[in-house]
Each structure stands twice: as structure tokens, then as C-alpha cells.
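S.K.: No sequence on hand, only this structure:
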């Protein structure tokens, strides 16, 4: 699977996990040069508190376009630190 934004592959892995129709990529599969930490957080009742990344490619910034769970609730232990995308990031084979 590949995650693409602004015509650039920002993550690539054969080991994604699908949860609630989102592909979660292992953290080591993202191209960290395109990511910066955000102060944004949301809470999921069964996964825990999500942290977000901004994505920047070729001078364009997509705010809070990726999220991950640095600490998970017990039911979500299998994808701690896996990264998922939205806000125009395309995920496909």
C-alpha cells in the first residue's frame, strides 16, 4: 500500500492494518521528512488519544492529515504508533 499526497509517496508498506476502513501504516514506513508534529489530539473511546502530524510536500502543507496512537487502550494494542491518513491523502495499492 502507498499513501500519496501532492503527487508524492509519503508512506509505503506491505504490512498495513485496516481498522474502520482506514489503512494504518507502520511508523517506520512513513517518510519522516514530510511529517511534522501537530498539537492536535482527538479521543476514541476504544483506541485512546490520537496525536496528529502535518504533512508538507513541495511547499504545500496539509494540516492534521495523519494520525496515530502513541499510547493505546488495551483493545488497540496491535496498532500502537501505526499511522493513518485523511484530508486528501490517497491510499491505494
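M.R.: Okay, I see it. All values derive from a computational prediction rather than experimental measurement.
S.K.: okay but residue 70 is in contact with residue 81, surely?
M.R.: Yes - when contacts are counted by Cβ atoms under 8 Å, residue 70 is listed as touching residue 81 (6.3 Å). Every residue, glycine included, has its C-beta placed from N, CA and C.
S.K.: got the phi/psi numbers for residue 76?
M.R.: Here is the backbone geometry of residue 76 (degrees, to the nearest 10): phi -110, psi 10.
S.K.: can you pull the contacts of the nearest residue to it once chain neighbours are set aside?
M.R.: Leaving out its chain neighbours, the residue that sits closest to residue 76 by Cβ to Cβ, 6 or more residues apart in numbering is residue 47, at 4.2 Å. Contacts for residue 47 were tallied using Cβ atoms under 8 Å, 6 or more residues apart in numbering; they are 69, 72-73, 75-76.
S.K.: Which among these count as buried?
M.R.: Buried members of these, scored by 16 or more other Cβ atoms under 10 Å, are 69, 72, 76.
S.K.: Identify the residues contacting the first one.
M.R.: To tie it back to what came earlier, the one meant is residue 69. Residue 69 sits in contact with 44, 47-51, 76, 79-82, where contact means Cβ under 8 Å, 6+ apart.
S.K.: distance of it from residue 24?
M.R.: Computed with Cβ to Cβ, to the nearest Å, the distance linking residue 69 and residue 24 is 9 Å.
S.K.: Tell me the residues that contact both of those two, please.
M.R.: Listed contacts common to residue 69 and residue 24 are 79, 82; contacts here mean Cβ under 8 Å, 6+ apart.
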